[in-house]
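In: compute the structure for the input listed below.
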Amino acid sequence: MKFFALPVLAAALTMTAGLAHANADGKEVYNQNCAMCHAAGLANAPKFGDKAAWEPRIKTGKDALLKSALNGKNAMPAKGGNPKLSDEQISAAIDFMVAAAK
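Out: Numbers count the residues shown, from 1 in each chain. I've put the predicted structure just below:
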């Protein structure tokens, strides 16, 4: 039994480490993917932390923000131009940007 437990434990630890890496936090996703436009307001992107610009967007609700980010809207491409991002990573980036605008 002891020999069986070690490979199972090793596999579990590897899977956990992989999940932690795959689920980047919102700040990291923002910095690597969103900041290029949202920091400067390129193509009318609401600037990071700009309460007035974000207020009407926040009022539409998280689902509407997520739909726009996932599918693209106006000049913003789907998933901010990075199709490798998961829906969860996009959601985390939205949460990060919304929190900064409140």
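In: rest of the way, CA atoms for contacts and neighbours
Out: Noted.
In: distance of N74 from D25?
Out: From N74 over to D25 the distance is 25 Å, taken as CA to CA, to the nearest Å.
In: more neighbours, the two?
Out: D25 (18 against 9; other CA atoms under 10 Å).
In: hmm, the more buried one is touching I90, no?
Out: No: in this structure D25 lies outside contact range of I90 using CA atoms under 8 Å: 9.5 Å.
In: not counting sequence-adjacent ones, nearest residue to L42?
Out: Leaving aside its sequence neighbours, L42 sits nearest to M36 (CA to CA, 6 or more residues apart in numbering; 7.9 Å).
In: buried residues in the helix or strand harbouring the one you found?
Out: For M36, the element it lies in under DSSP states H and E is helix 35-38. For helix 35-38, a neighbour-count test (16 or more other CA atoms under 10 Å) marks 35, 37-38 as buried.
In: quick check, pLDDT for N31.
Out: We have a pLDDT of 97 for N31.
In: and the gap between it and D63?
Out: N31 sits 22 Å away from D63, going by CA to CA.
In: mind listing what the closest residue to E28 other than its chain neighbours touches?
Out: Nearest residue to E28 in three dimensions, chain neighbours excluded: A93, at 7.9 Å (CA to CA, 6+ apart). Going by CA atoms under 8 Å, 6 or more residues apart in numbering, A93 touches 25-30.
In: what number of residues lie near the nearest residue to D25 once chain neighbours are set aside?
Out: Using CA to CA, 6+ apart and skipping the chain neighbours, the partner closest in space to D25 is A92 (6.2 Å). Neighbourhood size, A92 [other CA under 10 Å]: 21.
In: so A92 is in contact with E28, correct?
Out: No: between A92 and E28 there is no contact under CA under 8 Å: 9.3 Å.
In: now stretch 94-102: mean pLDDT?
Out: The pLDDT scores in stretch 94-102 average 96.
In: one step back: tell me the one among the buried residues of helix 35-38 nearest to M97.
Out: Each of the buried residues of helix 35-38 was scored against M97 by CA to CA, and H38 proved nearest at 9.1 Å.
In: which non-adjacent residue is nearest that closest one?
Out: K47 (4.7 Å).
In: tell me the phi and psi of that neighbour?
Out: According to degrees, to the nearest 10, the main-chain angles of K47 amount to phi -70, psi 140.
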